[in-house]
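In: Next input, structure requested:
(2 chains)
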Amino acid sequence: MARQRVVVIGAGIVGACTALAAAQAGCEVTVVDRGQPASGTTSRGEGNVLVSDKPPGPELDLALLSRWLWDDLAAQLGAHRLELEAKGGLVVAREPAAYDALVSLASAQTAAGVQTAPLTNPRSIEPHLAAGLAGGVYYPQDAQVQPVLATAAILAEAQRLGARLRPGCLVVTAQHARAGAITGITLDTGEQLPADTVVNAAGTWGGAVGALLGAPVPVLPRRGFVLVTEPLPPRTIRHKVYSADYVANVAASTEDLQTSCVVESTQAGPVLIGASRERVGFDATLDPAIVTRLARQAVELFPMLADVQLLRAYRGFRPYCPDHLPVIGPDPRVPGVLHACGHEGAGIGLAPATGALIAAYLAGDDPAALGLDPTHFLPDRLLSAPIEEPTQ
Amino acid sequence: MTLHLDVDGAAVPFVPGQTVAAALVADGRLAWRRTRSTGMPRGVFCGIGVCFDCLVTIDDHPNERACLVLAVDGMRVTSQDGTGREADR
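Out: Model (predicted):
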């Protein structure tokens, strides 16, 4: 039997992990992207690989599988090629009531398989934290990768296994058989790529790409800012540190601006300060008020940052679905189309597990054999309501 | 009367309106910083505040961009190695 021809649309971290998993499963893979690898949301975040920010449920199951798969990728490719750093997360609460809520969340997470350690004195492991915090919870599994490096390394490994990479190519149309199944796509160069399967890994633009394939999905952008400081000496800030209200903000759907500070250092030295979330379509305007607010929250957590300079700020569009779960799996309307998008701000962390799920669908294996319930992520759940178009 | 910067203890002259970087270059200095990981020399590169290569410590504030700071008589300019913040650790 001929090898299955798979076209992956999107060369971000999810497309890269999908391409590698499909190539390892023996598929003939082509990755297309209208830009360069990792030029969309992948390069506009902090490289989070987190279990701490997810309450028990389908997304936490996916995150735990993915955390294990990141270690597996590091073993295959070398941790240095990903800048995978198991730095651990530290969630802190200012008020005693918030600390109590955090500890009960941690207890539920522990039951779901997360390692947690409540700390009444979080400064014992993070010495520059503000005084007077009620407490924190340490999550040793939280990690960070350099998402652009990681995407490049994973794509290179997929290419080594025979995958082709076509950057700078826009998908303009799709071809379907009379019975409705997809048979290929056409690029803006006029070139046709025949395909047995097309994977929509277009991230925040997954709604538009899905529509082009005849399978629209409700993925909308949520803008997030990240600030970058001048380099600090190693181990000035040791973990990924954030305030407990981050979890509530991630889960919220409001259009209003939400900020809850996330502070961490990078291997290169600069400290990253996130993370705002707001629904403003694809408006990339720099908003100094958000920069100010994030910086103020960071200084509340780490007073020594008050006289550290910001070098720059960047922003990206987190792709979210109405229920804040990614959409992973076959589309019920167009045979041969699979979705792998809508990971909101967790796409880096969730990418390897997403690739593994897609590879299982491609191979005709039972994805539940990966140890989680894959039905929560199927597109079917999103298709009963009308699909909102993002404003461009 | 000539105006001077104090650069690592040496008097470096400047004229009003010159930046610290301009004064250093006019004094024949091309590099005044070493990078934090490999110790490579760095001086002014972009000259417009974008590249952060020309960093100096000014009056005890590390990582000031020499190309953007106007020279002031008696200003204390210290060349820096690494992050300039080793004491913060």
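In: rest of the way, CA atoms for contacts and neighbours
Out: Fine.
In: what's the spacing between the residue in chain A that chain B sits nearest to and A:V271?
Out: Residue of chain A nearest chain B, by C-alpha to the nearest C-alpha: A:T236 (5.1 Å). Per C-alpha to C-alpha, to the nearest Å, A:T236 is found 9 Å from A:V271.
In: Ok, A:V49 next?
Out: Remark: distance between A:V49 and A:V271 (C-alpha to C-alpha) = 17 Å.
In: How about A:G329?
Out: 36 Å.
In: re the thing from before, who has more neighbours, A:T236 and A:V271?
Out: A:V271 (23 against 19; other C-alpha atoms under 10 Å in any protein chain shown).
In: Go ahead and confirm A:L311 touches A:E230.
Out: Yes: counting by C-alpha atoms under 8 Å, A:L311 touches A:E230, with 5.8 Å between them.
In: Which SSE is immediately downstream of the lowest-mean-pLDDT helix or strand in chain A?
Out: Lowest on mean pLDDT, DSSP states H and E among the helices and strands of chain A sits helix A:245-251, with a mean of 60. Using DSSP states H and E, the next helix or strand after helix A:245-251 towards the C-terminus is strand A:258-265.
In: now for that following strand, which elements pack on it?
Out: strand A:240-243, helix A:245-251, strand A:270-277, helix A:288-301 (3 or more C-alpha pairs under 8 Å, 6 or more residues apart in numbering or on different chains; DSSP states H and E).
In: With only the CA atoms kept, save the longest one in PDB.
Out: Yep, that's helix A:288-301 we're talking about. C-alpha atoms of helix A:288-301 as PDB (Å, rounded to 0.1, in the frame of the first residue of the first chain):
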ATOM      1  CA  PRO A 288       1.600  51.400  26.700                       C
ATOM      2  CA  ALA A 289      -1.100  51.100  29.400                       C
ATOM      3  CA  ILE A 290      -0.800  47.300  29.200                       C
ATOM      4  CA  VAL A 291       3.000  47.500  29.400                       C
ATOM      5  CA  THR A 292       2.800  49.700  32.500                       C
ATOM      6  CA  ARG A 293       0.300  47.500  34.200                       C
ATOM      7  CA  LEU A 294       2.300  44.300  33.600                       C
ATOM      8  CA  ALA A 295       5.500  46.100  34.700                       C
ATOM      9  CA  ARG A 296       3.800  47.300  37.900                       C
ATOM     10  CA  GLN A 297       2.500  43.800  38.700                       C
ATOM     11  CA  ALA A 298       6.000  42.400  38.100                       C
ATOM     12  CA  VAL A 299       7.500  44.900  40.500                       C
ATOM     13  CA  GLU A 300       4.900  43.900  43.100                       C
ATOM     14  CA  LEU A 301       6.100  40.300  42.900                       C
END
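In: Mind listing what's buried along that helix?
Out: Under the neighbour-count criterion of 16 or more other C-alpha atoms under 10 Å in any protein chain shown, helix A:288-301 has A:290-291, A:293-301 buried.
In: Say whether chain B is contacted by that helix.
Out: No: counting by C-alpha under 8 Å from any C-alpha of the partner chain, chain B has no neighbours in helix A:288-301; the shortest distance is 14.9 Å.
In: Show residues contacting that helix.
Out: Helix A:288-301 is contacted from outside by A:129-130, A:225, A:227, A:259-263, A:273-276, A:305-306, A:313, using C-alpha atoms under 8 Å, 6 or more residues apart in numbering or on different chains.
In: can you give me the mean pLDDT across that helix?
Out: Here helix A:288-301 scores 92 as its mean pLDDT.
In: how distant is it from the center of its chain?
Out: Mean-position distance between helix A:288-301 and its chain equals 23 Å (C-alpha atoms, centre = their mean, to the nearest Å).
In: between it and strand A:270-277, how many degrees?
Out: Following axes from the mean of the first three to the mean of the last three C-alpha atoms, to 10 degrees, one obtains 120 degrees for the angle between helix A:288-301 and strand A:270-277.
In: which SS state does the residue lying closest to A:L310 once chain neighbours are set aside fall under?
Out: Excluding the flanking residues, the one nearest A:L310 by C-alpha to C-alpha, 6 or more residues apart in numbering or on different chains is A:T229, at 4.1 Å. Of the three states, A:T229 takes strand under DSSP: H, G, I helix; E, B strand; the rest coil.
In: Burial check on residue 10, number of neighbours?
Out: This is for chain A. A:G10: 34 neighbours (other C-alpha under 10 Å).
In: that's the other chain; I wanted chain B
Out: Neighbour count of B:A10, defined by other C-alpha under 10 Å: 11.
In: if I look at it, how far off is B:H4?
Out: The gap separating B:A10 from B:H4 is 9 Å, by C-alpha to C-alpha.
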